[in-house]
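Asks: please work out how this folds:
(chains A and B)
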Amino acid sequence: AQKITQTQPGMFVQEKEAVTLDCTYDTSDQSYGLFWYKQPSSGEMIFLIYQGSYDEQNATEGRYSLNFQKARKSANLVISASQLGDSAMYFCAMREWYSSASKIIFGSGTRLSIRP
Amino acid sequence: DSGVTQTPKHLITATGQRVTLRCSPRSGDLSVYWYQQSLDQGLQFLIQYYNGEERAKGNILERFSAQQFPDLHSELNLSSLELGDSALYFCASTRAADSPLHFGNGTRLTVT
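Replies: The predicted model follows:
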């Protein structure tokens, strides 16, 4: 069965520093996708970045990059040069692919707080 | 704006009642997902529909049911409501297996 683990319930980081949010996953599928979402205090879910299991390069989107280590089953999110607006909950999610039916499950999240 | 519309935004009701949450997916998205997020918790997967058919089921209570209509909008029905059902309910849609979920703004349900 698929499982997503985020072991950091909360993190404090100084503004302008880089931060790594951990995510490990468990799946028996060869084909899967990994996602990161941001949930600010206002509640909406904002898509940040995606990594497919067959992608050879680590995904990057602006200040966000995904450190994908397939053998270790980890998909850590790296935020470079953190900003006050990065304070939010961050969720890692995984999708196993099997035809048009695919559960997408989420980890328990990491609450990131950026200090000025 | 994600393009996913959820109504209503807020819902306050009493224990034992029944409510219906509505979701319109992004144009062209065939797949709709429902999630429950209790206070300060992660997102619990409830159910997935694809082009009108149920395709995957998560931890959805028997008191809850859902459907996706021919126009692809979806409804989540919650009945015999309990205090513990108070949560933020999200609908999300996606187009393909390698596409991200696009979330609506959620319906905040309060059961008193």
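Asks: just the strands in the chain please.
Replies: The chain I'm using is chain A. Using DSSP state E, the strands of chain A run over A:3-5, A:10-14, A:19-21, A:24-26, A:32-39, A:46-52, A:60-61, A:64-69, A:74-79, A:88-96, A:104-106, A:110-115.
Asks: let's do chain B instead
Replies: B:5-7, B:10-13, B:19-24, B:31-37, B:44-50, B:53-57, B:64-68, B:74-78, B:87-94, B:102-103, B:107-111.
Asks: nearest residue to residue 10 in space, please, no chain neighbours.
Replies: Using chain A here. Nearest residue to A:Gly10, sequence neighbours excluded (Cβ to Cβ, 6 or more residues apart in numbering or on different chains): A:Arg111, at 4.4 Å. Any C-beta I mention is one placed from the backbone N, CA and C, and that applies to glycine too.
Asks: my question was about chain B, not that one.
Replies: That would be B:Arg108: by Cβ to Cβ, 6+ apart, it lies 5.1 Å from B:His10.
Asks: ok, now which ones touch the one you found?
Replies: By Cβ atoms under 8 Å, 6 or more residues apart in numbering or on different chains, B:Arg108 lies in contact with A:Gly43, B:Lys9, B:His10, B:Leu11, B:Ala87, B:Leu88, B:Tyr89.
Asks: which of these lies closest to B:Ile47?
Replies: B:Tyr89 (11.4 Å; Cβ to Cβ).
Asks: any chance of the strands of chain B in JSON lines, plus mean pLDDT?
Replies: Below are the strands of chain B laid out as JSON lines (pLDDT from 0 to 100):
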{"stretch": "strand B:5-7", "mean pLDDT": "97"}
{"stretch": "strand B:10-13", "mean pLDDT": "97"}
{"stretch": "strand B:19-24", "mean pLDDT": "98"}
{"stretch": "strand B:31-37", "mean pLDDT": "96"}
{"stretch": "strand B:44-50", "mean pLDDT": "94"}
{"stretch": "strand B:53-57", "mean pLDDT": "91"}
{"stretch": "strand B:64-68", "mean pLDDT": "97"}
{"stretch": "strand B:74-78", "mean pLDDT": "98"}
{"stretch": "strand B:87-94", "mean pLDDT": "96"}
{"stretch": "strand B:102-103", "mean pLDDT": "95"}
{"stretch": "strand B:107-111", "mean pLDDT": "97"}
